[in-house]
Structures are given as structure tokens and as C-alpha cells.
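Enquirer: just a sequence and a predicted model for now, questions to come.
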Amino acid sequence: VIRKFAGNEEDKKNKLEEVSMEKSKEGLGEIYEKEYMKTAMGFEADDESKQDQEEIEVMFKSLCWKLDALSNYHFTPKPAVKELQVKPAVPAIAMEEVVPISVSDANLKAPEEVYEKKRKRGEAVLQSKEEMTQTERKALRNAKKHARRKEKRQREFDERLVAKLNPGLGNKYEKKKMLESIAGAKNITTGKQIEGSSKQFSNSKEFFSRLQDEVQEKIRNASK
């Protein structure tokens, strides 16, 4: 017969287990490993046994290396052991900035960096060719070629216009003077817009006769 008291069961229920407030030094993986070893193998792995196993592995490797060196005719060097190193992706030297923390990076930028200036085609840039990038040098060459082609087309057009208006003009100075006057004039119509140009000035005789009539008419008007 086992004697029981009324207060013994209540004391056991009210009694709380002691809980440690210190943070566990073991990780969750190590805890699971211990539980698995305890349930599967029937014993709990200790830290001391792990250290012994690691020490035995190192001693066995050194023994194997010595036996390999003695059994081989040519000496084989010891293989390099790879060591895991964690290198943070930070600069080796951390420079202290003079700028206050309250100042943002946008306030430190120049206006050209914030708002990129748009340049016109062929506009000069105050920098040498060594400072330019490959894209900028290519754009500069294309702009120069475009300007030369445009100037050449305009010159050829003026020469064709002079030859059409005055085909009998043989004096090179007069021809040059007329070219300059045409280049400076802005109210000249070209091509098919000239009415009767092919009929009235088909040869030099008609041109000079027309010019003589205009001069005589101006003289008569002046004499009146």
C-alpha cells in the first residue's frame, strides 16, 4: 500500500522547470544532429569526440603522406590544403569624408552632371581629342564631313546657276564676282522656278542684247 497525500500532486503541478535565460551557443543544425545521433546511433556526440576525430584524421593524412614519399622513387610534394576564407567586399582603406552627413550626393554634383547639355551638330567642344571617347571622336569626324559635303554641294550649285544665267561669261574675275554676289543674295530663285530662263538666255547673244536694251532704257530714263 502506497500512502498518498493530498498536497503532493498539487505541488508537482505548480512547480515550474528551471529555464536558462542565457543564449545557447549551439546552432539549430547542431541540436538536430545531436538528436539524430541519439535516436539513430544510440549515443550523443560530444565536442570532445569530434575534436578527437579531427585530430585522428590529421595524423592519418600525415602518415599517408610519409608512406607515399617513402614508397615512390621521386619525391612528391605535399598537396596544398584549401582553406576557406571569407573576404568582405569593402575597400582596404576607408577614407573619412569631410562633407557633413546631412549634405546629399546630389548637392555635390556639378550642373553639367545633373543636366546634360545638348550640343548642336558641329559645335566645338572645349576638350582635346585625347580626352574624348571613341563615340565623341567619331561624331566629330562625321560632323566635319557633313559640313564639307554641304559646302561643296552649295558651291557646285552656284557654279551651275552662273553657267545657266550667263553661259558666255569668259572672264574668271567676273565669274568669281558673280558667284560671291549670288552667295550673298537671299532672294534668288533656282531651277524650274526661273520663268523663261531657258528661252531668254539660251546663248550669249540673247543675253548681251537683253543687257544692252536695259542699259539704253536706263540712259533714256536718266536723260528725261
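Expert: On my side now, so go ahead.
Enquirer: other SSEs contacting the helix or strand hosting R153?
Expert: Using DSSP states H and E, R153 maps to helix 134-165. Contacts defined by 3 or more CB pairs under 8 Å, 6 or more residues apart in numbering; DSSP states H and E place helix 134-165 against helix 172-184. To be clear about C-beta, it is placed using only N, CA and C from the backbone, and glycine gets the same treatment.
Enquirer: residue ranges in this structure under the pLDDT threshold?
Expert: Counting by pLDDT under 70, the chain shows low-confidence ranges at 1-16, 44-47, 73, 75-76, 94-97, 116-126, 163, 166-179, 182-203, 223-224.
Enquirer: just the helices in it please.
Expert: 6-14, 28-36, 47-71, 111-114, 134-165, 172-184, 197-200, 204-223 (DSSP state H).
Enquirer: just the buried residues of the helix holding R153, please?
Expert: Within helix 134-165, the residues scored as buried using 16 or more other CB atoms under 10 Å are 139-140, 158, 161-162.
Enquirer: check stretch 78-91 too.
Expert: Within stretch 78-91, judged by 16+ other CB under 10 Å, no residue is buried.
Enquirer: make residue 1 into 48 and carry on from there
Expert: Okay, residue one is now 48; in that scheme the one you just asked about reads as stretch 125-138.
Enquirer: CA atoms only for that stretch - export them in CSV, please.
Expert: Extracted as CSV, the C-alpha positions of stretch 125-138 are listed here (Å, rounded to 0.1, in the frame of the first residue of the first chain):
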residue,chain,number,x,y,z
LYS,A,125,52.7,17.8,-50.1
PRO,A,126,49.4,18.8,-51.7
ALA,A,127,48.1,22.2,-50.9
VAL,A,128,45.3,22.3,-48.4
LYS,A,129,42.5,24.6,-49.4
GLU,A,130,41.4,27.0,-46.7
LEU,A,131,38.1,28.7,-46.7
GLN,A,132,38.5,32.5,-46.3
VAL,A,133,35.7,35.0,-46.2
LYS,A,134,36.8,38.3,-47.7
PRO,A,135,34.3,41.1,-47.4
ALA,A,136,33.7,43.3,-50.5
VAL,A,137,34.9,46.5,-48.9
PRO,A,138,37.8,48.8,-49.8
